[in-house]
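In: fold the following for me, if possible:
(4 chains)
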Protein chains: 2
Amino acid sequence: MRHIALEVLKERKVKILSAVIHHYIKTGKPVGSNVLIEECDISLSPATVRNLMAELEEEGYLTHPHTSAGRIPTDKGYRYYVDNLVKLQGFAVEEEERIRKEYEQKHNEIEGLLSETSRILSGLSQYTGFVMTPKTQYDEIRNIELMQIAKEELLIVLLTESGMIKHKRIEAFLTQGQLSRLKNFLNEKLRGVSVAQANKRIVSEIRDFKQNEDEILKTAKKISDVFYNMRDDIYIDGTSNVVAIPDFNDFEPLKSLIRFNEDKEKFIEIINKDFDDNGVNVKIGSENTLAELKDLSMVTTVYKNGERVVGVLGIIGPKRMEYQKMMLLVSRVSEILNKFFKDKE
Amino acid sequence: MRHIALEVLKERKVKILSAVIHHYIKTGKPVGSNVLIEECDISLSPATVRNLMAELEEEGYLTHPHTSAGRIPTDKGYRYYVDNLVKLQGFAVEEEERIRKEYEQKHNEIEGLLSETSRILSGLSQYTGFVMTPKTQYDEIRNIELMQIAKEELLIVLLTESGMIKHKRIEAFLTQGQLSRLKNFLNEKLRGVSVAQANKRIVSEIRDFKQNEDEILKTAKKISDVFYNMRDDIYIDGTSNVVAIPDFNDFEPLKSLIRFNEDKEKFIEIINKDFDDNGVNVKIGSENTLAELKDLSMVTTVYKNGERVVGVLGIIGPKRMEYQKMMLLVSRVSEILNKFFKDKE
DNA sequence: TCTTAGCACTCATATTGCTGAAGTGCTAAG
DNA sequence: CTTAGCACTTCAGCAATATGAGTGCTAAGA
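Out: Residues are numbered from 1 along each chain as shown, chains lettered A, B, ... in the order given. Prediction:
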């Protein structure tokens, strides 16, 4: 629904709307009729512009903070702008180069790659950047290792298709022989299976073990629980950038952003629920599910391991952001990340 | 040096200083001579109090923001207060109980325990809480596991004495046989050895392998590098609390705190350099090595695994904090953590 | 019918001057 | 050494006032 143009606006009006948004993004101050015709070569009189702006306000694209102030865009105004006026083309070559340069180090650890990506997103946007790890539950199991690290403590190490390593301790004790039997069983039956399915698979295949191998059965059950409870992680960077944004005269949006940094679970949940898997996605102000983000905008996209969508990345900044630039940035960074995954094969 | 009383102050003067600090901590407003005699049962006239305060100001313990404002403590004033007037005794039983209650969950993962500890510190202090992981370089090796996870990728998993698990990938390829030989070698020679020494130990013991086992030698060298480069980690919580502190009318101290949250490496370095290993340590304002912390105070202490000091924990808050309470909190939390480590044995 | 000049109106912002309260420092007397 | 008294300083809050940016409306012109 949102991607259908809300209404057909007359060309002139669109030009005004666009000019207002541009100007407001640049200056941060409400923009009046005079400034507009002076700086945005519109060949109309201030009075006409005022009439048009009044109409745009009537229709919900603009608003003004008080009687004698200029106009500022509403969420709906930004939405129209993003949907109809932003063209995802033309990144200056030097920008392209700049992103690529940031990825200088060699990353053989995926964790480092993702953390650097969030750093790059934040650095180049000057807002908050984030990268979700590949979705654990849809990720496929590549290798499982078991280590008896103490008398009643077994360490499970899991390597997934996308290269993530997860480890978790459980209470269990197996003899050397049992350990290697269970390990072989798990690797044989679960290789290539998604973490989400591993749970069921263990249960269905478990009859391979005889009744008297009670300890193994119990351990296998615990391991399947571990898989079931495995959660995603997220890398967030540049929260401090947002402190510098002059728009926020009160602390609230900032505070909620910092809290996000701390309550990552919630953030992950939101991102996972809200994301849209084709192209670059923009949530403006109140469009965000989470009330705390109502004064911020979020630009996201997905990244892929081969053909499969595995994770989400993006930036969070003020509503008054350069959407075009940010959408391009997010899109390019995701492409580069895709390439890293591809090259890994 | 700092712990020697700076000067011998007359009892009366000390009482004034103490009263001013208490009152200022409570109200956050500069405190004048009248309020002081009214609310802190001092049997002197305002004029005398003024004379004494003027002397205290002369000596550097107090200051005042402008002519007709009351006095506020300087860093030196707080320092005297912390060194000479704070008694680390008597925590209300319910406080004690409250801390213990927070540690409800069972923690078989040390990571969870430490992360919860930082959450508790922040929650009970309403400031920023942090916990450093056990110092990796002094930690002893308990178990090493090697996994060949791809053709040229070897995963090293390390379990240390204090229960931390670290993993790292390196480029290497060994046959099944070589793998288990190297693994046995490492576990045999390095168990109980500190990570810092492991480096040398590998080099000195490596002649066990023959010349023709070039691949093993090369891998062992790489593993020793991994040990050498292993760094500590830190858990930080409650940065958003500091946003709410009304003292900060400008953003700077806040911003630096958030940046800390992101530039953990720097934070770790500072903490490691500054910490003092006996008892509760307090750094007030400009006493902090790091300029960014000059408007904040930090209360830290160490925690132990058995007899050995392994890590640092603490809180960061405004200079105007209830030092007594905070020092007690930090001290008690560390004791509880010590107990967890002990019980683990 | 659309555009625009003109004008009255509104409201935020900045400046000023005033007053009262809080608190100090100093002086001189107890 | 203590304290009462007093002159002085400074801030916080308030009201009065001016300024100016920007609007909406009306009526005349294209």
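In: chain A against DNA strand D: which residues are in contact?
Out: For chain A, the contact set with DNA strand D under C-beta under 7 Å from any atom of the strand comprises A:30-35, A:46-47, A:50, A:53-54, A:57, A:64, A:67-71. In short, each C-beta sits where N, CA and C put it, glycine included.
In: can you select the buried ones from those in PyMOL?
Out: Buried subset of these, written as a PyMOL selection, criterion 16 or more other C-beta atoms under 10 Å in any protein chain shown:
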select buried, chain A and resi 30+31+32+33+35+50+53+64+70+71
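In: and the nearest residue to residue A:136 once chain neighbours are set aside, what are its phi and psi?
Out: Of all residues not flanking residue A:136 in the chain, residue A:230 sits nearest, at 4.8 Å (C-beta to C-beta, 6 or more residues apart in numbering or on different chains). Here is the backbone geometry of residue A:230 (degrees, to the nearest 10): phi -70, psi 130.
In: go on, residue A:105?
Out: In this entry, residue A:105 is assigned phi and psi values of phi -60, psi 160 (degrees, to the nearest 10).
In: number of residues surrounding it?
Out: 9 (other C-beta atoms under 10 Å in any protein chain shown).
In: point me to the helix or strand that includes the nearest residue to it once chain neighbours are set aside.
Out: In space, and not counting its chain neighbours, residue A:105 is closest to residue A:116: 7.1 Å by C-beta to C-beta, 6+ apart. Secondary-structure assignment from DSSP states H and E places residue A:116 in helix A:110-125.
In: tell me which residues in that helix are buried?
Out: Buried-residue list, helix A:110-125, by 16+ other C-beta under 10 Å: A:110-111, A:113-125.
In: what's the closest of those to residue B:300?
Out: Minimum distance to residue B:300 across the buried residues of helix A:110-125 is 26.7 Å, recorded for residue A:115 (C-beta to C-beta).
In: I'd assumed residue A:235 was in contact with that closest one.
Out: Yes. Using C-beta atoms under 8 Å, residue A:115 and residue A:235 qualify as a contacting pair, with a distance of 4.8 Å.
In: how distant is the one helix or strand in chain A whose mean pLDDT sits lowest from the center of its chain?
Out: Taking mean pLDDT, DSSP states H and E as the measure, helix A:252-262 is the helix or strand of chain A with the lowest mean score, a mean of 77. Between the centre of helix A:252-262 and the centre of its chain there are 16 Å (C-alpha atoms, centre = their mean, to the nearest Å).
In: returning to that earlier point: packing partners of the helix holding residue A:116?
Out: Using 3 or more C-beta pairs under 8 Å, 6 or more residues apart in numbering or on different chains; DSSP states H and E, the elements in contact with helix A:110-125 are helix A:93-102, strand A:128-132, strand A:234-237, strand A:308-318, helix A:323-344.
In: what are the ranges of the strands in the stretch 51-200 of chain A?
Out: With DSSP state E, counting those that start in this stretch applied, the stretch 51-200 of chain A shows strands at A:62-63, A:72-73, A:128-132, A:141-150, A:153-160, A:165-171, listed in chain order.
In: of all these, which lies closest to residue B:216?
Out: Comparing these by their distance to residue B:216 (C-beta to C-beta), the top pick is strand A:141-150, with 19.9 Å.
In: sheet partners, orientation included, of that closest one?
Out: Counting by DSSP bridges, the strands paired with strand A:141-150 are strand A:153-160 (antiparallel).
In: so what touches stretch A:19-31?
Out: A:35-36, A:39-40, A:42, A:53, A:56, A:62, A:64-65, A:69-73, A:77-78, A:81, A:246-247, A:320-322 (C-beta atoms under 8 Å, 6 or more residues apart in numbering or on different chains).
In: excluding its backbone neighbours, what's nearest residue A:112?
Out: Ranked by C-beta to C-beta, 6+ apart and with sequence neighbours excluded, the top spatial neighbour of residue A:112 is residue A:105, at 7.5 Å.
In: please report the distance of the one you found from chain B.
Out: Going from residue A:105 to chain B by C-beta to the nearest C-beta, to the nearest Å gives 14 Å.
In: what of residue A:72?
Out: From residue A:72 to chain B the distance is 24 Å (C-beta to the nearest C-beta).
In: doesn't residue A:66 make contact with that residue?
Out: No. The criterion here is C-beta under 8 Å, and residue A:72 misses it with residue A:66 at 11.1 Å.
In: which of those two has more neighbours?
Out: Higher neighbour count among residue A:72 and residue A:66: residue A:72, with 20 against 6, using other C-beta under 10 Å.
In: quick one, what contacts that one?
Out: Residues counted as contacts of residue A:72 (C-beta under 8 Å, 6+ apart) are A:20, A:24, A:30, A:31, A:62, A:63, A:64, A:65.
In: for it, list each beta-bridge partner.
Out: Counting by DSSP bridges, residue A:72 is bridged to residue A:63.
In: just to revisit the earlier point, ranking the strands of the stretch 51-200 of chain A by burial, who's on top?
Out: Of all the strands of the stretch 51-200 of chain A, strand A:128-132 has the most neighbours on average by mean count of other C-beta atoms under 10 Å in any protein chain shown, namely a mean of 27.
In: next one: it to chain centre, how far?
Out: Computed by C-alpha atoms, centre = their mean, the chain-centroid distance of strand A:128-132 equals 6 Å.
In: how big is the angle separating that strand from helix A:252-262?
Out: Relative orientation of strand A:128-132 versus helix A:252-262 (axes from the mean of the first three to the mean of the last three C-alpha atoms, to 10 degrees): 30 degrees.
In: neighbouring strands - and their directions - for strand A:128-132?
Out: Sheet pairing for strand A:128-132, assigned by DSSP bridges, gives strand A:234-237 (antiparallel), strand A:308-318 (antiparallel).
In: reformat the ones you listed as TSV; add distance to residue A:208 and mean pLDDT.
Out: Converted to TSV, those look like this (distance: least, C-beta to C-beta, whole Å; pLDDT from 0 to 100):
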stretch	distance to residue A:208	mean pLDDT
strand A:234-237	37	94
strand A:308-318	30	94
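In: now those strands in a markdown table, with mean neighbour count?
Out: Converted to a markdown table, those look like this (neighbours: other C-beta atoms under 10 Å in any protein chain shown):
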| stretch | mean neighbour count |
| --- | --- |
| strand A:234-237 | 22 |
| strand A:308-318 | 23 |
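In: between those strands, which gets nearest to DNA strand C?
Out: Closest approach to DNA strand C among the strands paired with strand A:128-132 (C-beta to the nearest atom of the strand): strand A:308-318, 18.0 Å.
In: thank you, goodbye.
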